[in-house]
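*Asks:* Show me how the following folds:
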Amino acid sequence: MLPIIKSPGKKKIFFIFIIALISCRVSVAQDYRYGIYAAPAISWFKTDVDNVNNKGARTGFLFSISAERHLTDNWHFSSGLAFTAASGRLVNSDASFFRFPEYTATIAAGEPLIYRLQYISMPVGIKIKTSEKGYFTYFAEFGLDPKIVINGRVDIPSNDIKGKFAMNEIRRFNAGYHLTAGAEYSIDGNTSLILGLGYETNIFDITKDFESQGTDRTIHKLLKFIFGLNF
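*Replies:* Here you go, the predicted model:
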(Lines give C-alpha, C1' and ligand atoms only; values in the text may rest on other atoms or scores of the structure.)
Protein backbone atom coordinates (compact mmCIF):
# COMPACT_ATOMS: atom_id res chain seq x y z
CA MET A 1 0.00 0.00 0.00
CA LEU A 2 1.32 3.42 -0.91
CA PRO A 3 1.85 5.89 1.96
CA ILE A 4 -0.77 8.60 2.40
CA ILE A 5 0.79 12.05 2.37
CA LYS A 6 -1.45 14.64 3.96
CA SER A 7 -1.42 18.26 2.85
CA PRO A 8 -1.40 21.06 5.43
CA GLY A 9 -4.89 21.55 6.91
CA LYS A 10 -6.61 24.78 5.91
CA LYS A 11 -7.69 25.43 9.51
CA LYS A 12 -4.09 25.07 10.72
CA ILE A 13 -2.85 27.46 8.05
CA PHE A 14 -5.59 29.96 8.95
CA PHE A 15 -4.62 29.95 12.65
CA ILE A 16 -0.93 30.38 11.76
CA PHE A 17 -1.84 33.46 9.74
CA ILE A 18 -3.92 34.92 12.59
CA ILE A 19 -1.12 34.38 15.13
CA ALA A 20 1.38 36.00 12.75
CA LEU A 21 -0.90 39.00 12.30
CA ILE A 22 -1.37 39.48 16.06
CA SER A 23 2.38 39.16 16.63
CA CYS A 24 3.09 41.83 14.02
CA ARG A 25 0.51 44.18 15.49
CA VAL A 26 1.93 44.14 19.00
CA SER A 27 5.57 44.39 17.94
CA VAL A 28 5.72 47.38 15.57
CA ALA A 29 5.12 51.09 15.73
CA GLN A 30 1.87 52.97 15.22
CA ASP A 31 2.70 54.12 11.68
CA TYR A 32 1.70 50.67 10.41
CA ARG A 33 -1.72 49.50 9.26
CA TYR A 34 -2.68 45.86 9.03
CA GLY A 35 -4.92 43.91 6.74
CA ILE A 36 -6.57 40.55 6.32
CA TYR A 37 -7.81 39.46 2.89
CA ALA A 38 -9.57 36.62 1.09
CA ALA A 39 -9.50 36.32 -2.68
CA PRO A 40 -11.22 33.83 -4.97
CA ALA A 41 -9.11 33.45 -8.10
CA ILE A 42 -8.87 31.95 -11.55
CA SER A 43 -5.50 30.56 -12.65
CA TRP A 44 -3.84 29.14 -15.72
CA PHE A 45 -0.48 28.15 -17.19
CA LYS A 46 1.57 29.69 -19.99
CA THR A 47 4.28 27.71 -21.78
CA ASP A 48 7.04 28.59 -24.25
CA VAL A 49 6.69 25.52 -26.51
CA ASP A 50 4.16 24.72 -29.21
CA ASN A 51 3.38 21.14 -28.25
CA VAL A 52 2.42 21.85 -24.60
CA ASN A 53 -0.44 24.26 -24.02
CA ASN A 54 -2.73 25.49 -21.29
CA LYS A 55 -6.31 24.25 -21.53
CA GLY A 56 -8.78 26.55 -19.81
CA ALA A 57 -8.70 28.46 -16.53
CA ARG A 58 -9.32 26.90 -13.13
CA THR A 59 -10.61 28.28 -9.84
CA GLY A 60 -8.46 28.85 -6.78
CA PHE A 61 -8.29 30.76 -3.52
CA LEU A 62 -5.89 33.04 -1.64
CA PHE A 63 -5.75 34.13 1.99
CA SER A 64 -3.30 36.79 3.15
CA ILE A 65 -2.33 39.19 5.91
CA SER A 66 -0.34 42.37 5.48
CA ALA A 67 1.46 45.16 7.28
CA GLU A 68 1.54 48.52 5.53
CA ARG A 69 3.99 51.26 6.50
CA HIS A 70 3.32 54.90 5.72
CA LEU A 71 6.16 56.55 3.77
CA THR A 72 4.70 59.84 2.52
CA ASP A 73 1.19 61.25 2.09
CA ASN A 74 0.43 58.94 -0.84
CA TRP A 75 3.15 56.29 -0.81
CA HIS A 76 3.26 53.18 1.38
CA PHE A 77 5.46 50.09 1.75
CA SER A 78 3.61 46.79 2.21
CA SER A 79 4.71 43.32 3.25
CA GLY A 80 2.88 40.23 4.35
CA LEU A 81 2.28 36.51 4.24
CA ALA A 82 -0.01 34.72 1.79
CA PHE A 83 -1.38 31.23 1.22
CA THR A 84 -2.46 30.31 -2.31
CA ALA A 85 -4.30 27.22 -3.52
CA ALA A 86 -4.41 27.23 -7.32
CA SER A 87 -4.23 24.84 -10.23
CA GLY A 88 -3.73 24.62 -13.97
CA ARG A 89 -4.32 22.21 -16.83
CA LEU A 90 -1.75 21.31 -19.51
CA VAL A 91 -2.23 19.30 -22.68
CA ASN A 92 0.66 17.86 -24.69
CA SER A 93 0.08 17.17 -28.39
CA ASP A 94 2.62 14.33 -28.09
CA ALA A 95 2.69 11.36 -25.75
CA SER A 96 4.47 12.33 -22.52
CA PHE A 97 5.66 10.93 -19.21
CA PHE A 98 5.14 11.94 -15.59
CA ARG A 99 7.48 10.66 -12.87
CA PHE A 100 6.03 9.68 -9.53
CA PRO A 101 8.25 8.38 -6.71
CA GLU A 102 6.99 4.82 -7.28
CA TYR A 103 6.67 4.67 -11.08
CA THR A 104 6.48 6.67 -14.31
CA ALA A 105 3.06 7.24 -15.90
CA THR A 106 2.59 7.51 -19.66
CA ILE A 107 0.10 10.15 -20.79
CA ALA A 108 -1.43 9.74 -24.23
CA ALA A 109 -1.24 12.61 -26.71
CA GLY A 110 -3.95 15.22 -26.17
CA GLU A 111 -4.86 14.06 -22.67
CA PRO A 112 -4.89 16.67 -19.86
CA LEU A 113 -2.53 16.84 -16.90
CA ILE A 114 -3.92 18.88 -14.00
CA TYR A 115 -1.61 20.40 -11.38
CA ARG A 116 -2.97 21.33 -7.92
CA LEU A 117 -0.51 23.59 -6.10
CA GLN A 118 -0.32 25.25 -2.70
CA TYR A 119 2.08 28.13 -2.11
CA ILE A 120 3.26 30.15 0.84
CA SER A 121 4.59 33.54 -0.26
CA MET A 122 5.95 36.70 1.37
CA PRO A 123 4.83 39.55 -0.89
CA VAL A 124 6.50 42.96 -0.63
CA GLY A 125 5.41 46.00 -2.58
CA ILE A 126 5.00 49.71 -3.03
CA LYS A 127 1.46 51.09 -2.85
CA ILE A 128 0.21 54.48 -3.98
CA LYS A 129 -3.06 55.86 -2.61
CA THR A 130 -5.28 58.82 -3.38
CA SER A 131 -6.49 61.18 -0.69
CA GLU A 132 -9.79 60.15 0.91
CA LYS A 133 -12.89 61.57 -0.78
CA GLY A 134 -16.36 60.77 0.47
CA TYR A 135 -15.12 57.80 2.57
CA PHE A 136 -13.34 56.30 -0.47
CA THR A 137 -9.60 55.94 -1.09
CA TYR A 138 -8.26 54.36 -4.28
CA PHE A 139 -4.96 52.48 -4.53
CA ALA A 140 -2.60 50.64 -6.85
CA GLU A 141 0.31 48.39 -5.90
CA PHE A 142 3.25 46.68 -7.56
CA GLY A 143 5.37 44.11 -5.74
CA LEU A 144 7.48 40.97 -5.72
CA ASP A 145 6.49 37.57 -4.33
CA PRO A 146 9.16 35.14 -3.11
CA LYS A 147 7.30 31.85 -2.67
CA ILE A 148 7.60 28.19 -1.88
CA VAL A 149 5.38 25.31 -3.02
CA ILE A 150 4.29 23.48 0.14
CA ASN A 151 2.15 20.89 -1.61
CA GLY A 152 1.87 19.71 -5.20
CA ARG A 153 -0.49 17.08 -6.57
CA VAL A 154 -1.71 16.06 -10.01
CA ASP A 155 -4.73 14.56 -11.68
CA ILE A 156 -4.33 12.48 -14.84
CA PRO A 157 -7.94 11.59 -15.75
CA SER A 158 -6.98 9.28 -18.63
CA ASN A 159 -4.93 7.16 -16.18
CA ASP A 160 -7.50 7.31 -13.34
CA ILE A 161 -5.00 9.26 -11.21
CA LYS A 162 -6.45 11.90 -8.89
CA GLY A 163 -4.74 14.00 -6.23
CA LYS A 164 -1.46 12.07 -6.34
CA PHE A 165 1.56 13.60 -4.60
CA ALA A 166 3.92 14.93 -7.28
CA MET A 167 6.55 17.20 -5.77
CA ASN A 168 9.33 15.33 -7.60
CA GLU A 169 8.05 16.96 -10.84
CA ILE A 170 7.51 20.44 -9.34
CA ARG A 171 10.08 23.10 -8.48
CA ARG A 172 9.68 23.97 -4.81
CA PHE A 173 11.10 27.51 -4.88
CA ASN A 174 9.88 30.28 -7.14
CA ALA A 175 9.28 34.00 -7.29
CA GLY A 176 6.77 36.23 -8.98
CA TYR A 177 5.34 39.70 -9.13
CA HIS A 178 1.89 41.17 -8.56
CA LEU A 179 -0.18 44.13 -9.70
CA THR A 180 -3.28 45.15 -7.74
CA ALA A 181 -5.75 48.02 -7.78
CA GLY A 182 -8.86 48.75 -5.81
CA ALA A 183 -10.71 50.89 -3.32
CA GLU A 184 -10.93 51.31 0.45
CA TYR A 185 -14.16 52.37 2.12
CA SER A 186 -13.67 53.91 5.57
CA ILE A 187 -16.13 52.53 8.12
CA ASP A 188 -14.70 53.66 11.46
CA GLY A 189 -11.56 55.64 12.20
CA ASN A 190 -8.61 53.62 10.89
CA THR A 191 -10.77 50.67 9.78
CA SER A 192 -11.76 50.25 6.15
CA LEU A 193 -13.25 47.67 3.82
CA ILE A 194 -11.19 46.61 0.79
CA LEU A 195 -12.36 45.63 -2.67
CA GLY A 196 -9.80 45.05 -5.40
CA LEU A 197 -8.57 43.18 -8.44
CA GLY A 198 -5.10 41.65 -8.70
CA TYR A 199 -2.87 39.87 -11.19
CA GLU A 200 0.01 37.56 -10.25
CA THR A 201 2.53 35.65 -12.31
CA ASN A 202 5.49 33.45 -11.50
CA ILE A 203 8.83 34.38 -13.02
CA PHE A 204 10.43 30.93 -13.12
CA ASP A 205 9.43 27.53 -14.49
CA ILE A 206 7.11 25.67 -12.11
CA THR A 207 7.89 22.22 -13.55
CA LYS A 208 11.10 20.19 -13.59
CA ASP A 209 12.52 19.06 -16.91
CA PHE A 210 13.81 15.52 -17.34
CA GLU A 211 15.67 14.21 -20.39
CA SER A 212 12.74 12.11 -21.59
CA GLN A 213 10.36 15.11 -21.41
CA GLY A 214 12.25 17.78 -23.29
CA THR A 215 12.83 21.33 -22.07
CA ASP A 216 10.06 23.87 -21.62
CA ARG A 217 9.09 26.75 -19.36
CA THR A 218 5.72 26.66 -17.64
CA ILE A 219 4.59 29.80 -15.82
CA HIS A 220 1.68 29.91 -13.36
CA LYS A 221 -0.57 32.99 -13.59
CA LEU A 222 -3.71 34.06 -11.74
CA LEU A 223 -6.33 36.76 -11.52
CA LYS A 224 -7.73 37.39 -8.03
CA PHE A 225 -10.78 39.21 -6.69
CA ILE A 226 -9.81 40.76 -3.36
CA PHE A 227 -12.09 41.26 -0.35
CA GLY A 228 -10.59 42.43 2.92
CA LEU A 229 -10.36 44.60 5.97
CA ASN A 230 -7.65 47.12 6.90
CA PHE A 231 -7.26 48.35 10.48
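
*Asks:* Pull up the gap between the nearest residue to Val49 once chain neighbours are set aside and Asn190, please.
*Replies:* In space, and not counting its chain neighbours, Val49 is closest to Asp216: 4.4 Å by CB to CB, 6 or more residues apart in numbering. Every C-beta, even on glycine, is put in place using the N, C-alpha and C of the backbone. Applying CB to CB, to the nearest Å, the value for Asp216 to Asn190 is 48 Å.

*Asks:* Tell me which of those two has more neighbours.
*Replies:* For Asp216 versus Asn190, neighbours defined as other CB atoms under 10 Å are more numerous around Asp216 (16 against 11).

*Asks:* Pretty sure that one sits against Thr47.
*Replies:* Yes - counting by CB atoms under 8 Å, Asp216 touches Thr47, with 5.6 Å between them.

*Asks:* quick revisit: need the contact list for the residue nearest to Val49.
*Replies:* 47-49, 52, 205, 207, 209 (CB atoms under 8 Å, 6 or more residues apart in numbering).

*Asks:* if you set the cut-off to 7 Å instead, what comes out?
*Replies:* For Asp216, the contact set (CB atoms under 7 Å, 6 or more residues apart in numbering) comprises 47-49, 52, 209.

*Asks:* Of the residues you listed, which belong to strands?
*Replies:* Of those, the ones assigned to strands by DSSP state E are 47, 52.
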